[in-house]
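# Make a model of this:
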Amino acid sequence: MTQARHTPTGAPIDALRADIEFATELRGRRFEFATTWGLFSPRAIDAGSQLLIRHLHIDTQDDCLDLGCGYGAIGLSMASLAPQGHTLMVDKDFVAVHYANRNAARNGITNAEALLSNGLAGIPAGRSDVIATNLPAKSGKELYQIMFYDVARRLRPGGRFYVVSLSGLRRFVARELQTAFGNCEKLKTSGQYTLALARKE
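Purely as a prediction, here's the structure:
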C-alpha cells in the first residue's frame with residue numbers, strides 16, 4: 001500500500017497541489033476565488049488590494065485595466081462596477097492569467113478577460129478610462145518608470161490611474177507620477193500601504 005508523501009509540516013503533497021478556494025465580499029458583491037501557491041496572497045485578498053478596491057471610483061461604462069492582476073481580485077471588482085465597459089487584466093505570470101480567467105467565469109463576469117503581458121507591452125492597442133495596480137514591491141524602480149509612462153499613454157483624457165504601494169515607496173511613486181502625469185494625489189494611507197491617484201489631463 002502506497003503511503004501519501006508529506007511535507008516537513010505534515011501536509012500531504014497532493015493536498016498542497018489542490019486549488020485554494022475562498023469567498024469574500026468586495027464593494028457589496030460576493031466573490032468566490034480559486035488560487036494556488038506561488039500567486040501573491042493566495043488565501044485572502046491582501047490589505048493593499050482591499051484598500052485600492054475600497055476607494056476606486058468607477059463609472060458603469062468605464063473601460064478598465066488591472067495591471068499585474070494576480071488571480072483577479074482588483075480587475076474583477078472593476079468589471080463588476082463597470083458592467084457596460086470592458087476590463088482587461090494583465091500579468092506576466094501565466095499561472096496568474098489562468099486563474100484570473102477562471103475566476104471571471106466562476107463569478108459570471110463576462111466583460112473581463114486576462115492576458116499575458118509584461119506590463120502593457122503585449123496587450124492590444126486601445127484606451128482605458130481607469131487603470132489600477134497593486135505595485136509589486138521588488139520589481140525595480142526602472143520597471144515602475146516604464147509602467148507609469150505606458151499607463152499615461154494608454155489612458156483617455158480625464159482617465160484615472162490608481163496605485164497602491166508599500167508606504168516606503170510612497171515618495172518615489174509620488175515623484176514618478178508627477179513626472180509622468182503632472183499631478184499626484186495621496187488618497188489614503190492604511191497600515192503599511194499608501195494609495196495614490198494620478199489623472200490624465
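# helix/strand/coil for the spatially most central residue of the chain?
Geometric centre of the chain, nearest residue: Cys69, 3.6 Å, by CA atoms, centre = their mean. What DSSP: H, G, I helix; E, B strand; the rest coil gives for Cys69 is coil.
# shouldn't it be in contact with His98?
No - between Cys69 and His98 there is no contact under CB atoms under 8 Å: 11.2 Å. In short, each C-beta sits where N, CA and C put it, glycine included.
# and for these two, which residues touch both?
Residues touching both Cys69 and His98 comprise Ala114, with contact defined as CB atoms under 8 Å, 6 or more residues apart in numbering.
# which one is Thr35 nearest to, not counting chain neighbours?
Closest residue to Thr35 apart from its sequence neighbours, by CB to CB, 6 or more residues apart in numbering: Pro42 at 4.0 Å.
# one step back: from Ala100, how far off is the residue nearest to the centre of the chain?
Distance of Cys69 to Ala100, computed by CB to CB, to the nearest Å: 5 Å.
# what sits in contact with each of those two?
By CB under 8 Å, 6+ apart, Cys69 and Ala100 have these common neighbours: Gly75, Met89, Asp91, Ala114.
# Please report how far the third one lies from Phe148.
Asp91 sits 18 Å away from Phe148 when distances are taken as CB to CB.
# Neighbour count for the two, which is higher?
In terms of neighbours (other CB atoms under 10 Å), Asp91 is the more surrounded of Asp91 and Phe148; the figures are 27 against 22.
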